[in-house]
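J.: just need the structure, nothing else, for what follows:
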Amino acid sequence: MTSARGFAVIDVETSGLAPAHHRVVEIAVVQTDPVGRVVREWTSILNPEGPVGRTDIHRITKAEAESSPRFRDVAGEMVELLTGRAIVAHNARFDIAFLRAEFGRSGYQMPDAPHLCTLDASRTYLPDLDRRRLADCCWACGVRLDDAHTALADARATAHLLAHYLDPHIGVGPLAEHVALPHLAARTVWAPLPPSGCPPRPRSAAVVPVPAAPGALWALLDVLPLSTVVDEGAPEASLPYLELLFEVFEDGILTEQEASALADLAKVYALTREQVQATHGAFLNALAHRIVEDGKITSHERVLLRDAAAALGFSDNLPERILNEAWAARERAAGAPARPLPDTWALGEPLRAGQSVAFTGGDPLVRARLEGQAQAAGLRVTNSVSGKTAVLVTDGKDTTTRKAVAARERGTRIVSPAVFAELVAHVLPADSSANSPTTTTSPTVPSTRESADPATVRAWAAENGYQVSIRGRLPSEVVAAFAAANAN
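T.: Here you go, the predicted structure:
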């Protein structure tokens with residue numbers, strides 16, 4: 001029997017988003033044993049034989065790339081590093097798609113090796129996160145992520161994240177299917193490809209270009225929970241795609257090239273055209289609700305939403321319409337009258353304005369009436385069931401619908417139309433503490449939304465000697481220090 005070697009954790013920095021057209025400009029492989037302990041590291045800048053793409057993100061210059069090996073020069077080394085190991089990456093479909101494309105250009109067919117995506121797996125091991133970027137998952141596990149957007153640093157952090165998932169003494173413990181991956185990988189056949197002996201070109205310690213500051217849109221997206229976009233109708237299968245969509249919009253601009261590459265990304269994630277359209281629409285709706293959250297809509301925010309909608313191919317009148325709908329929903333939630341519960345109340349926890357409710361099945365006319373009453377009472381009617389859904393309304397005749405299954409899995413409260421009619425007639429005013437966006441920050445630390453946008457906090461931190469990355473969740477101690485310094 002072939003013994004299991006373990007995992008090969010990979011990360012790539014690329015010249016763009018589309019594996020069919022763009023190239024890998026840096027790659028790292030961190031080998032681990034079957035329980036996630038690091039045994040070897042390998043990394044190199046690569047010559048993409050063309051543009052290097054966003055230097056402001058990956059910080060690799062054209063001159064550095066041109067003096068580095070091409071992928072085909074180190075393809076044999078890559079085969080040696082990956083053979084017999086299960087592949088691991090954060091948002092694995094993206095990295096593996098680029099790896100497969102590079103092997104193809106080198107005349108080598110990469111086998112379908114077993115793999116684990118630490119982003120997808122975070123829904124099991126870290127179920128309460130709002131966002132699932134590598135920085136968010138590492139923060140939740142106490143894993144350091146220094147020098148983000150360099151292949152080796154990201155691969156190292158992903159390897160430590162993997163070890164956290166596989167530790168039987170932490171959280172839910174490792175899933176049997178994940179423990180079995182190295183054994184499956186040991187049986188995967190990689191065609192021989194001798195190493196060339198070409199030395200890798202790691203990053204130098206020289207001064208690198210300063211990354212561009214996040215755009216204004218990023219301040220809104222940074223703490224926007226993915227579950228909010230799912231509530232607005234994005235399919236669950238789109239979550240890894242959504243994380244990349246958020247990342248693309250971080251600088252506030254979706255270039256024509258990036259917009260074109262989204263179609264290629266959709267293919268990488270096996271999303272249909274209808275699913276992509278639903279995801280983009282849900283993204284804009286969630287962004288509109290985020291904009292009105294603070295009780296004002298600035299002209300700049302209107303422009304950001306308009307530009308985002310245009311880049312995603314929506315009509316000119318959509319942004320204003322969804323902003324108006326989001327504002328109306330906020331006003332309904334804020335203005336919901338307090339109505340005392342009857343003495344005979346026996347329906348458990350009442351609903352509060354601003355909470356989300358979902359419907360599945362039932363008489364279409366009854367459902368339409370109840371949805372209208374729910375909106376009038378200040379509730380949000382969503383197209384899916386997430387961790388923030390207060391109740392699912394169903395007649396119970398079809399228990400196999402996607403929403404019904406999700407509600408049972410999440411422990412969401414399920415009620416009949418008759419019960420919901422009573423609940424919606426006695427909706428209480430919003431409870432700000434119960435309805436504020438979920439955060440993994442300590443309750444005693446003001447959120448960056450309450451004090452300042454993340455870009456402002458990062459600028460203050462840099463001026464005062466704090467080490468913070470340009471992306472990801474801000475450390476709680478930095479937020480607390482900022483709040484204390486600006487208390488007056």
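
J.: mind listing the helices in the stretch 301-450 of the chain by residue range?
T.: Chain-ordered helices for the stretch 301-450 of the chain, with DSSP state H, counting those that start in this stretch as the definition, fall at 318-334, 364-376, 402-410, 417-424, 432-435, 448-451.

J.: show me the chain divided up by domain.
T.: Per automatic domain parsing, the domain ranges recorded for the chain read 6-185, 216-334, 356-428, 441-485.

J.: end to end on the longest one, go ahead and measure it.
T.: This points to domain 6-185. From its first residue to its last, domain 6-185 covers 8 Å (C-alpha to C-alpha, to the nearest Å).

J.: among the domains of the chain, which comes closest to residue 343?
T.: Within the domains of the chain, the stretch nearest residue 343 is domain 356-428; the backing value is 12.3 Å (C-beta to C-beta). Bear in mind the C-beta positions are built from the backbone N, C-alpha and C, glycine included.

J.: Throw the helices of the stretch 301-450 of the chain into JSON lines and include distance to residue 152, thanks.
T.: JSON lines is the format used below for the helices of the stretch 301-450 of the chain (distance: least, C-beta to C-beta, whole Å):
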{"stretch": "helix 318-334", "distance to residue 152": "41"}
{"stretch": "helix 364-376", "distance to residue 152": "50"}
{"stretch": "helix 402-410", "distance to residue 152": "37"}
{"stretch": "helix 417-424", "distance to residue 152": "53"}
{"stretch": "helix 432-435", "distance to residue 152": "42"}
{"stretch": "helix 448-451", "distance to residue 152": "29"}
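
J.: among these, which is nearest residue 269?
T.: helix 402-410 (18.0 Å).

J.: pull out the buried positions in the closest one.
T.: Along helix 402-410, the positions that meet the burial threshold by neighbour count (16 or more other C-beta atoms under 10 Å) are 403-404, 406-407.

J.: quick one on the thing from earlier: deepest of the domains of the chain, which one?
T.: Of those, the one with the most neighbours on average (mean count of other C-beta atoms under 10 Å) is domain 6-185, at a mean of 20.

J.: and the furthest pair within the buried residues of helix 402-410?
T.: It's 404 and 406 that sit farthest apart of the buried residues of helix 402-410, by C-beta to C-beta, at 7.4 Å.

J.: which stretch in the domains of the chain has the least confidence?
T.: Mean pLDDT is lowest for domain 441-485 among the domains of the chain, at a mean of 58.

J.: tell me which residues touch residue 464, please.
T.: When contacts are counted by C-beta atoms under 8 Å, 6 or more residues apart in numbering, residue 464 is found next to 481, 485.

J.: out of the helices of the stretch 301-450 of the chain, nearest to residue 268?
T.: Taking C-beta to C-beta, helix 402-410 is the member of these nearest to residue 268, at 22.9 Å.

J.: check which helices and strands the closest one is in contact with.
T.: Applying 3 or more C-beta pairs under 8 Å, 6 or more residues apart in numbering; DSSP states H and E, one finds that helix 402-410 contacts strand 356-360, strand 389-394, strand 413-415.

J.: can you redo the ones you listed as TSV with distance to residue 193?
T.: As requested, those are exported to TSV (distance: least, C-beta to C-beta, whole Å):
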stretch	distance to residue 193
strand 356-360	51
strand 389-394	50
strand 413-415	55
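
J.: of those, which is nearest residue 81?
T.: strand 389-394 (43.8 Å).

J.: the inter-axis angle of the closest one versus strand 356-360?
T.: Between strand 389-394 and strand 356-360, the angle formed by their directions is 20 degrees, by axes from the mean of the first three to the mean of the last three C-alpha atoms, to 10 degrees.

J.: skipping its backbone neighbours, what lies nearest residue 4 in space?
T.: Closest residue in space to residue 4, ignoring its immediate chain neighbours: residue 182 at 3.7 Å, by C-beta to C-beta, 6 or more residues apart in numbering.

J.: picking that back up, as JSON lines, the domains of the chain with distance to residue 201 would be great.
T.: As requested, those are arranged in JSON lines below (distance: least, C-beta to C-beta, whole Å):
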{"stretch": "domain 6-185", "distance to residue 201": "4"}
{"stretch": "domain 216-334", "distance to residue 201": "26"}
{"stretch": "domain 356-428", "distance to residue 201": "44"}
{"stretch": "domain 441-485", "distance to residue 201": "24"}
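
J.: right, so of the ones you listed, which gets closest to residue 345?
T.: domain 356-428 (7.5 Å).

J.: quick one: the closest one to chain centroid distance?
T.: Centre-to-centre, domain 356-428 and its host chain are 26 Å apart (C-alpha atoms, centre = their mean, to the nearest Å).

J.: how about residue 17, what does it touch?
T.: Residues in contact with residue 17, defined by C-beta under 8 Å, 6+ apart, are 244, 248, 258, 261-262, 264-265.

J.: which secondary structure element contains the closest residue to residue 125 other than its chain neighbours?
T.: Computed as C-beta to C-beta, 6+ apart, the closest residue to residue 125 that is not its neighbour in sequence is residue 165, at 4.8 Å. Secondary-structure assignment from DSSP states H and E places residue 165 in helix 151-166.

J.: name the helices or strands packed onto that helix?
T.: Right, helix 151-166 is packed against strand 6-14, strand 24-32, strand 38-45, strand 85-89, helix 118-125, helix 134-141, helix 176-179 by 3+ C-beta pairs under 8 Å, 6+ apart.

J.: and if we set it to 6 Å?
T.: strand 6-14, strand 24-32, strand 38-45, helix 118-125, helix 134-141 (3 or more C-beta pairs under 6 Å, 6 or more residues apart in numbering; DSSP states H and E).

J.: next, format those as CSV and append distance to residue 85.
T.: Converted to CSV, these look like this (distance: least, C-beta to C-beta, whole Å):
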stretch, distance to residue 85
strand 6-14, 4
strand 24-32, 7
strand 38-45, 10
helix 118-125, 15
helix 134-141, 20
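
J.: can you tell me how far the nearest residue to residue 73 once chain neighbours are set aside is from residue 72?
T.: Across the structure, with C-beta to C-beta, 6+ apart as the measure, the residue nearest residue 73 apart from its sequence neighbours is residue 198 (4.4 Å). To residue 72, residue 198 is 10 Å away according to C-beta to C-beta, to the nearest Å.

J.: swap in residue 79?
T.: Looking at residue 79 against residue 72, where the rule is C-beta to C-beta, the gap reads 12 Å.

J.: cool, and residue 226?
T.: Separation of residue 226 from residue 72 (C-beta to C-beta) stands at 37 Å.

J.: repeat that for residue 305.
T.: Note on residue 305: its distance to residue 72, by C-beta to C-beta, is 44 Å.

J.: then residue 63?
T.: Using C-beta to C-beta, one obtains 21 Å as the distance from residue 63 to residue 72.

J.: just residue 261 next, same as before
T.: When distances are taken as C-beta to C-beta, residue 261 and residue 72 turn out to be 23 Å apart.

J.: check residue 401 too.
T.: 49 Å.

J.: what of residue 87?
T.: 20 Å.

J.: for residue 415, same thing?
T.: Separation of residue 415 from residue 72 (C-beta to C-beta): 60 Å.

J.: cool, residue 8 as well?
T.: Computed as C-beta to C-beta, the residue 8 to residue 72 distance reads 19 Å.

J.: my read is that residue 261 contacts residue 15, right?
T.: No - the pair residue 261 and residue 15 does not pass the contact test of C-beta atoms under 6 Å, sitting 10.6 Å apart.

J.: element containing the closest residue in space to residue 466 that isn't next to it in sequence, please.
T.: The shortest distance from residue 466 to any residue other than its chain neighbours is 5.2 Å, reached at residue 478 (C-beta to C-beta, 6+ apart). Take DSSP H and E as the rule and residue 478 turns out to sit in helix 476-485.
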